[in-house]
Each structure stands twice: as structure tokens, then as C-alpha cells.
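Asks: the sequence isn't on hand, but the structure is:
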């Protein structure tokens, strides 16, 4: 009973907690979230794999906040979320072969590693010339990243376990973020599968979700 009361108190006391339907997100709420991101804010939002921490990738102070919130070393890069395959071309080099491959698996629970373009901030990629890109299979994520790419790194402390519920995220990250978007628990929460497309053929760097037969 005490635990239940603790959860209720956390939700009641956290004025930045907003519930939303990720499949049919409220447009007015989306506008508010985008304004927060545009102004350098940091949010927690649900993806198709886990809850992520989002910030405008072109606001370096906001990206630094993400590293600070996660207690993540600056030598570890952070992936980005975009709204469509066409948007990838604005931040990374995309040849015809890579584009065709990406169109088969995205939107979906995958992160593709590509060669980044020079205007992408070094802090985001830890100085690397590569960048990890996601298009989650989520209307909410697509709307949040429609104006500019946002960071997509799991909403937990660096090196810690994946957190499946908003209550766990609130306990671990506290008031460090500006808004927590609550879409309920994510079933079978696990990180995305990471596929490197910078070589002569796709290479799986991390296996997360089940892989389609054509890339195993």
C-alpha cells in the first residue's frame, strides 16, 4: 500500500508529467512539446522500443543537458530521431543502396549508422564522423522531430537497466527534465537493433528487437 501511495504522490507532485496517446497525439500538446525543444528544453518521450530523452540536436547546451541528466560520458555518442527517410539526408550522407535498405526497415526498431554531415555538432557524435539515426514507428516521435532532429537515447542513467515505466523514470531522473510524456508502460521494452551502413555491406553492431529475415 505504501508503494502505491508513493507512485500516486510522484505523479501528483510532478507538474511536468503529461499523458498522451502515442498513436493519436493531441496536436496542441505536440506544439507545446516542440516549443519546449526549440527553446532548449529536454523531454522524456515514448518510442517504439523504450522511453527516450529528447533535445534539439542543434542546441549544444540542450545536448549537454542530456549528457548531464544521464551521467553519460562525452566520449559516448548519442543517436538522433528524425521524422522521415528524406530528413536523414539533411544530417547524413545517404547513397541509393543505403536509402533502399533503410526504406525496408524504417520506421521501426532500428538505429542505422551513417556518415554524418559537417554541420552536425561534434558533441552529439563524440567527435566521430558517423551518426546513429532512428525513425521510430510512432506518430508521436515523427511529430516531435518534424521541425528538427531530436536526440533519442534511453531515459535512464548511463549503464543502468532499461526503465519500462514512467514511475521508474521519475524516480531515477527526478525533476531533471522539463516534460515527461506518459504513454504508459512499453511492452517488451528493449533497445533498438543497431546496423552500421558505412561499410561495403550492412553490419549488425547490437541486436535488440527481432530482425527481418532479409538482414539476418
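Replies: Alright, I've got the coordinates. Because the structure is a prediction, the values reported are computed rather than measured.

Asks: all helices of the chain, in order?
Replies: Secondary structure of the chain (DSSP state H): helices located at 2-13, 27-38, 60-70, 85-88, 96-105, 122-125, 139-144, 166-173.

Asks: quick one: list the elements packing against the fifth one.
Replies: For helix 96-105, the packing partners by 3 or more CB pairs under 8 Å, 6 or more residues apart in numbering; DSSP states H and E come out as helix 85-88, strand 110-115. C-beta here means a position set from N, CA and C on the backbone, and glycine is covered the same way.

Asks: poorly predicted segments of this protein, please.
Replies: 1-15, 188, 209-216 (pLDDT under 70).

Asks: spatially nearest residue to the spatially most central residue of the chain (excluding sequence neighbours)?
Replies: Centrality entry for the chain: nearest residue to the mean C-alpha point is residue 152, 1.9 Å, by CA atoms, centre = their mean. Spatial nearest neighbour of residue 152, chain neighbours left out: residue 81 (3.9 Å); criterion: CB to CB, 6 or more residues apart in numbering.

Asks: the one you found reaches residue 136, doesn't it?
Replies: Yes - Residue 81 is within contact range of residue 136, at 6.4 Å (criterion: CB atoms under 8 Å).

Asks: hey, what's in contact with both of the two?
Replies: Between them, residue 81 and residue 136 share these contacting residues under CB atoms under 8 Å, 6 or more residues apart in numbering: 47, 152.

Asks: in terms of neighbours, single out the busier of those two.
Replies: Using other CB atoms under 10 Å, the more surrounded residue of residue 81 and residue 136 is residue 136, with 29 against 26.
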